[in-house]
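>>> Below are the sequence and a predicted model; questions follow.
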Amino acid sequence: MLTRSIVNTGEKGFEPLTPWFVAMCSNPLSYTPLVKLIGFIQFTQRFMMLARQHCFMQDNDNFNSLSHLNETGEAQMVDVSAKQPTRRQAIAAGRIRMSESTLEAIEAGNAPKGDVIGTAKLAGIMAAKQTANLIPLCHPLPLSKIEVKITCDRNLPGYQIRASVITKAETGVEMEALTAVSVAALTLYDMAKALEKSMQIENICLLGKTGGKSGDYFVEGMTTSDL
């Protein structure tokens with residue numbers, strides 16, 4: 001039978017852990033450094049399991065707050081049948097940046113496709129009415145008023161776009177206002193792209209909304225009087 005003496009190699013009185021030494025031990029698991037290593041691994045595994053459980057619980061909380069997802073994570077249209085119709089309004093904005101020469105051509109009516117601003121306004125109004133056909137989980141809503149404003153801004157240079165949408169319904173019209181701004185900007189680009197293809201559509205966002213369970217919302221500096 002093979003035997004091997006244990007040599008004291010340090011102050012702690014044990015030989016460094018090697019596969020040969022562990023194999024020669026009558027009870028390898030009694031070797032102090034190995035016991036410490038196993039304990040550390042078990043602690044680490046336990047810590048990682050608890051961390052994963054914590055992350056899962058947080059994800060579940062976030063998941064449960066998403067009303068467009070059912071309990072299995074599938075997309076669904078929110079049931080608003082129990083809500084009472086109330087007046088709701090939303091206003092969104094965006095802008096399109098271009099060169100000074102392109103802006104001057106549009107302002108002078110010299111764009112190749114004709115009335116750029118009038119066409120873009122009409123496109124924004126039409127888009128708001130089609131939002132439920134464009135965004136999968138949006139509800140079709142009876143829109144009472146849609147207003148699209150496109151204002152020349154020579155400091156950009158370009159145009160500022162703003163859309164206001166009003167309804168009396170069970171859910172809000174934020175998406176309708178945002179869609180109106182987006183399509184108005186895209187139409188403006190389409191109408192003038194022969195003059196400049198480097199135009200940039202920027203900063204499309206919701207400025208404010210009123211009505212509904214979540215209450216009113218306004219970006220900083222806006223109030224109800226700005227709607």
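Right, received. Where do you want to start? From a predicted model like this one, the values you see are computed outputs, not experimental measurements. Numbers count the residues shown, from 1 in each chain.
>>> Show me where this structure has its strands.
For the chain, applying DSSP state E gives strands covering 86-97, 143-153, 158-169, 200-210, 217-218.
>>> Can you say which of those is packed in most?
Highest mean neighbour count among those (mean count of other CB atoms under 10 Å): strand 158-169, with a mean of 23. For glycine as for every other residue, the C-beta is placed from the backbone atoms N, C-alpha and C.
>>> List the strands paired with that strand, with their directions.
strand 86-97 (antiparallel), strand 143-153 (antiparallel) (DSSP bridges).
>>> Of these, which is nearest residue 116?
Between residue 116 and the strands paired with strand 158-169, the shortest gap by CB to CB is with strand 143-153, which sits at 8.8 Å.
>>> got a list of contacts for the closest one?
With contact meaning CB atoms under 8 Å, 6 or more residues apart in numbering, strand 143-153 is reached by 95, 103, 107, 117, 120-121, 124-125, 128-129, 159-168, 173, 176, 180-181, 184, 188.
>>> Would you format the strands of the chain as JSON lines with distance to residue 42 included?
Formatted as JSON lines, those follow (distance: least, CB to CB, whole Å):
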{"stretch": "strand 86-97", "distance to residue 42": "55"}
{"stretch": "strand 143-153", "distance to residue 42": "62"}
{"stretch": "strand 158-169", "distance to residue 42": "58"}
{"stretch": "strand 200-210", "distance to residue 42": "51"}
{"stretch": "strand 217-218", "distance to residue 42": "50"}
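>>> Tell me which of those strands sits nearest to residue 77.
Among those, strand 158-169 comes nearest to residue 77, with 14.1 Å by CB to CB.
>>> What score does residue 162 have for pLDDT?
The model reports residue 162 with a pLDDT of 98.
>>> Surely residue 98 is in contact with residue 199?
Yes. Between residue 98 and residue 199 a contact is recorded at 4.5 Å, counting by CB atoms under 8 Å.
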